[in-house]
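In: Next input, structure requested:
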Amino acid sequence: MDERKVKNRNTEFSAKISSRFWQEVPNDDNPYIADNYRCQGYDLTQLAEKRSFTETLYLLFRGELPNQQQNEILQKLMIAFINPGPRHPASRAAMLAGVSKAAPSQLLPISLSILSGEHLGAGSLEKNVRFFRKNVAKDPKEIIADLHLQLSNPSPSNWEPIPGFGMRFGSIDQFSKKIAELLLPLPGAGRALKWGALLSEHLQEFNLGWLPTGVTAAVLSDLGFHPKAAVGIFQLISAPGLLAHGLEMSGKPLTTMPFLEDKDYRIEE
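Out: Residues are numbered from 1 along each chain as shown. Presented below is the predicted three-dimensional model:
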């Protein structure tokens with residue numbers, strides 16, 4: 001018989017769930033339903049009437065409404081990376097789920113689970129934001145010097161030797177570079193984005209540059225988002241495109257997607 005004593009942990013649990021950023025105003029007749037909601041103290045119906053989605057998103061996570069410059073750069077970032085594109089593994093997952101007759105409610109969960117990974121995914125965002133916060137005061141040349149030997153001996157075609165910077169399919173990601181250049185002249189462009197642009201310039205000699213996760217991390221860092229919040233916001237930014245790819249394939253025959261032959265598979269040793 002087990003004679004170990006059971007100890008009382010003397011833990012007092014909260015009597016109710018509380019939130020510091022969200023308030024529900026209960027109905028007079030039924031307290032289980034709300035007559036209205038307040039986000040960070042702002043009436044949600046008034047936000048819906050007078051504010052944009054990006055302004056409300058910023059308010060939800062940062063506790064205050066953004067100024068015009070902050071809202072502009074966040075909005076352009078969300079438009080620029082609204083879809084990872086059909087080459088991205090998460091988009092392919094959405095397409096395969098759609099053509100496989102998965103329920104529409106499952107398309108996003110399936111594809112977002114893939115987008116949660118480290119490779120060009122939300123799983124790298126926390127690390128990337130922390131990288132900018134830690135290194136933004138350094139000379140970008142210091143980063144290059146510390147990794148010069150590694151950078152001079154490139155790895156596979158999809159490589160990220162520096163958080164948020166690397167290569168795609170053996171080349172610099174031209175679209176991410178273009179988006180960074182689009183955002184840089186904006187009044188809302190901050191220190192991390194400008195520092196990342198300098199680092200990207202120095203990396204070109206190694207055939208490396210911005211990645212989508214790097215541009216996103218730099219902007220979210222400048223806007224003051226917590227590194228952990230950046231993970232989910234990157235998923236949110238990409239979700240519409242993933243859903244669209246999945247829905248496009250829903251109802252189509254399996255033959256719509258390519259079926260790779262054995263010779264097209266490569267097993268890394």
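
In: for stretch 151-168, the distance to its chain's centre please.
Out: 19 Å (C-alpha atoms, centre = their mean, to the nearest Å).

In: So residue 233 is in contact with residue 226, correct?
Out: No - with contacts counted by C-beta atoms under 8 Å, residue 233 stays clear of residue 226, the gap being 9.8 Å. Any C-beta I mention is one placed from the backbone N, CA and C, and that applies to glycine too.

In: more neighbours, these two?
Out: Each of residue 233 and residue 226 has its neighbours counted (other C-beta atoms under 10 Å); residue 233 has more, 22 against 14.

In: which residues touch that one?
Out: Residue 233 sits next to 57, 61, 125, 216, 220, 225 when contact means C-beta atoms under 8 Å, 6 or more residues apart in numbering.

In: Of those residues, which belong to helices?
Out: Of those, the ones assigned to helices by DSSP state H are 57, 61, 125, 216, 220.

In: Please report how far the first one lies from residue 41.
Out: Meaning residue 57. Distance of residue 57 to residue 41, computed by C-beta to C-beta, to the nearest Å: 16 Å.

In: ok, now the fourth one?
Out: Look at residue 216 and residue 41: by C-beta to C-beta, they are 28 Å apart.

In: For those two, indicate the residue with more neighbours.
Out: Shown here are residue 216 and residue 41; by other C-beta under 10 Å, residue 216 has more neighbours (28 against 11).

In: ok, how many other residues are close to the residue lying closest to that one once chain neighbours are set aside?
Out: In this structure, residue 216 finds its nearest non-sequential neighbour in residue 234, 5.5 Å apart by C-beta to C-beta, 6 or more residues apart in numbering. A count of nearby residues for residue 234, using other C-beta under 10 Å, gives 27.

In: before we move on, what about residue 109?
Out: Neighbours of residue 109 (other C-beta under 10 Å): 10.

In: and for the least confident helix or strand in the chain by mean pLDDT, what are the contacting residues?
Out: Across the helices and strands of the chain, mean pLDDT, DSSP states H and E gives its lowest value to helix 148-151, namely a mean of 79. When contacts are defined by C-beta under 8 Å, 6+ apart, helix 148-151 is touched by residues 144, 161, 203, 206, 208.

In: and which of the ones in helices among the contacts of residue 233 is nearest residue 46?
Out: Set against residue 46, the nearest of these by C-beta to C-beta is residue 57 (16.0 Å).

In: How much space separates residue 220 from residue 45?
Out: Distance from residue 220 to residue 45, counting by C-beta to C-beta: 28 Å.

In: Apologies, that question was intended for residue 181.
Out: Distance, residue 181 to residue 45, using C-beta to C-beta: 39 Å.

In: swap in residue 85?
Out: Applying C-beta to C-beta to residue 85 and residue 45 gives a distance of 37 Å.

In: Show me which of these two is the more surrounded one.
Out: More neighbours surround residue 85 than the other of residue 85 and residue 45, with 14 against 11 (other C-beta under 10 Å).

In: For the more buried one, give me the pLDDT.
Out: Per-residue pLDDT puts residue 85 at 95.

In: quick one, what contacts it?
Out: 91, 241.

In: Can you tell me the element it falls in?
Out: Using DSSP states H and E, residue 85 sits within no helix or strand.

In: now swap in residue 37 and tell me
Out: Counting by DSSP H and E, the element that carries residue 37 is strand 34-39.

In: what's the following helix or strand after that strand?
Out: Next in sequence after strand 34-39, counting helices and strands by DSSP H and E, comes strand 42-43.
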